[in-house]
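# sequence below, structure please.
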Amino acid sequence: MAPKNPTKIAVIGSGLMGSALARAFAAAGHEVAVWNRTPSKAKAVGGRTIAFEDLIEAVSGRELVVISLSNYAACFELLSSEGVAPALAGTTLVQLTSGSPADARAGLEWAKERGVDYLDAAILAYPSFVATDYATVFYAGSRSVFDRHLETLQAIAKNSIYVDEKIGSAATLDCAILEAYYGSSLAFLHAAAMCKAEGLDPKTFFSHKDAFLGLISVTADAARGMVESNDFSGDQCSLNTHVAAIEHIVRLSEDARISTRFPKELLDNYKRAIGAGLGHKELPAVFRTLTQD
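Predicted coordinates:
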């Protein structure tokens, strides 16, 4: 069903993600212009979108301009092209290019100087997840600007979450979640490699994923309160005990002749906390040594 008030949108960038975003907006009944440095890619988006070869024409008169490019450098290169900034004046720019909080702050400064409303966003989804229940998009910037466009933005993700007025907050949360994801993934892949090296079928390990996922969940819940209160005392399991367990993992890896880089890095971080006098504290006490200069 088409929205009561269709929005005129431009999506800049027709890669896998940009194309998915544009098609989702169009499927929701919005008028969607698409542009890509390679015109044939914009034309290939389809899904009732309208391809433009001229960037200024694509963004002119649009209420919402969504940018999805490879990086911020490519974005600023386009935005600095002659005539683009005046064409964007009075619109809302939604930056969906992946970057750092510093990139987001630079984007906001550029927009403020040119009379452009600005939201920095981070999408936690693969292109195929766009417009499904598996997609989440975090937004940072003006709350009133976010609220004004929320209904339109929900075309790409019903789970559209406002994080904070601080423009770098969406990028920070995105990086934090991704670090947890990539770090955990490397850990379970190294664990599978240990199993294989010792003659244990890795599928046996994977079949017990709930065991380590449960431990991560319990520890994250405990860490939340401990980090907030800066009190890492407890009577469950000391850092000294955890370090002894990690030493076993390093030894197993050495004996099995597989990479020891990851478990040794773990061990170094946990030992650093013990060196800081936190050996008798709970595992989340490592947080203190990670936030110190």
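
# let me know the pLDDT of the closest residue to Arg48 other than its chain neighbours.
In this structure, Arg48 finds its nearest non-sequential neighbour in Ala26, 4.5 Å apart by CB to CB, 6 or more residues apart in numbering. (C-beta placed from N, C-alpha, C; glycine too.) For Ala26, the model assigns a pLDDT of 97.

# how about Gln292?
So, for Gln292, pLDDT stands at 63.

# next: Ala2.
On the pLDDT scale, Ala2 gets 65.

# quick one: the residue nearest to the spatial centre of the chain from Ser100, how far?
What sits nearest the mean C-alpha location of the chain, by CA atoms, centre = their mean, is Asp174, with 3.0 Å. Taking CB to CB, to the nearest Å as the measure, Asp174 falls 10 Å from Ser100.

# contacts only, for Leu267.
Contact analysis of Leu267 by CB atoms under 8 Å, 6 or more residues apart in numbering lists Val243, Ile246, Glu247, Val250.

# ok, of the residues you listed, which one's closest to Trp110?
Of all the contacts of Leu267, Ile246 has the smallest distance to Trp110: 45.6 Å, by CB to CB.

# next up, the contacts around that closest one.
Contacts of Ile246 (CB under 8 Å, 6+ apart): Pro263, Leu266, Leu267, Tyr270.

# and of these, the nearest to Phe232?
Tyr270 (13.1 Å).

# which stretch of helix or strand covers Gly214?
helix 209-229 (DSSP states H and E).

# circling back to that earlier point, inside strands: which ones of the contacts of Leu267?
In strands, judged by DSSP state E, none of the contacts of Leu267 are found.

# which of these are buried?
Buried by 16 or more other CB atoms under 10 Å: Val243, Ile246, out of those.

# tell me which of the contacts of Leu267 is nearest to Asp210?
Closest to Asp210, out of all of these and judged by CB to CB, is Ile246, at 21.7 Å.

# what about the closest one, distance to Leu266?
5 Å.

# make JSON lines out of the contacts of Ile246 and add pLDDT and distance to Lys209.
Converted to JSON lines, the contacts of Ile246 look like this (pLDDT from 0 to 100; distance: CB to CB, whole Å):
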{"residue": "Pro263", "pLDDT": "97", "distance to Lys209": "19"}
{"residue": "Leu266", "pLDDT": "96", "distance to Lys209": "19"}
{"residue": "Leu267", "pLDDT": "97", "distance to Lys209": "23"}
{"residue": "Tyr270", "pLDDT": "96", "distance to Lys209": "23"}
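
# between the residues you listed, which is nearest Asp117?
Closest to Asp117, out of all of these and judged by CB to CB, is Leu266, at 44.0 Å.

# where are the low-confidence patches of the stretch 151-293 of the chain?
Within the stretch 151-293 of the chain, the set of residues satisfying pLDDT under 70 comprises 292-293.

# ok, which stretches of it are strands?
159-164 (DSSP state E, counting those that start in this stretch).

# name the residues of the lengthiest helix in the chain that are buried.
The helix that spans the most residues within the chain, counting by DSSP state H, is helix 169-197. Residues 169-175, 187, 190-195 are the ones in helix 169-197 that count as buried (16+ other CB under 10 Å).

# with stretch 132-145 instead?
For stretch 132-145, using 16+ other CB under 10 Å, the buried residues are Ala135, Thr136, Val137, Phe138, Tyr139, Ala140, Gly141, Ser142, Val145.

# pull the most distant pair out of those.
Ala135 and Ser142 (22.6 Å).

# adjacent strands (with direction) for the longest strand along the chain?
In terms of residue count, the longest strand belonging to the chain (DSSP E) is strand 117-124. Paired strands of strand 117-124, with direction, are strand 92-95 (parallel), strand 136-141 (antiparallel) (DSSP bridges).

# CA atoms only: put that strand into PDB for me.
The C-alpha coordinates for strand 117-124 follow below in PDB (Å, rounded to 0.1, in the frame of the first residue of the first chain):
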ATOM      1  CA  ASP A 117      19.800  18.800   7.500                       C
ATOM      2  CA  TYR A 118      21.900  15.800   8.300                       C
ATOM      3  CA  LEU A 119      21.500  12.300   9.800                       C
ATOM      4  CA  ASP A 120      24.400   9.900  10.100                       C
ATOM      5  CA  ALA A 121      23.300   6.300   9.900                       C
ATOM      6  CA  ALA A 122      24.700   2.800  10.100                       C
ATOM      7  CA  ILE A 123      22.900  -0.200   8.700                       C
ATOM      8  CA  LEU A 124      23.400  -3.500  10.400                       C
END
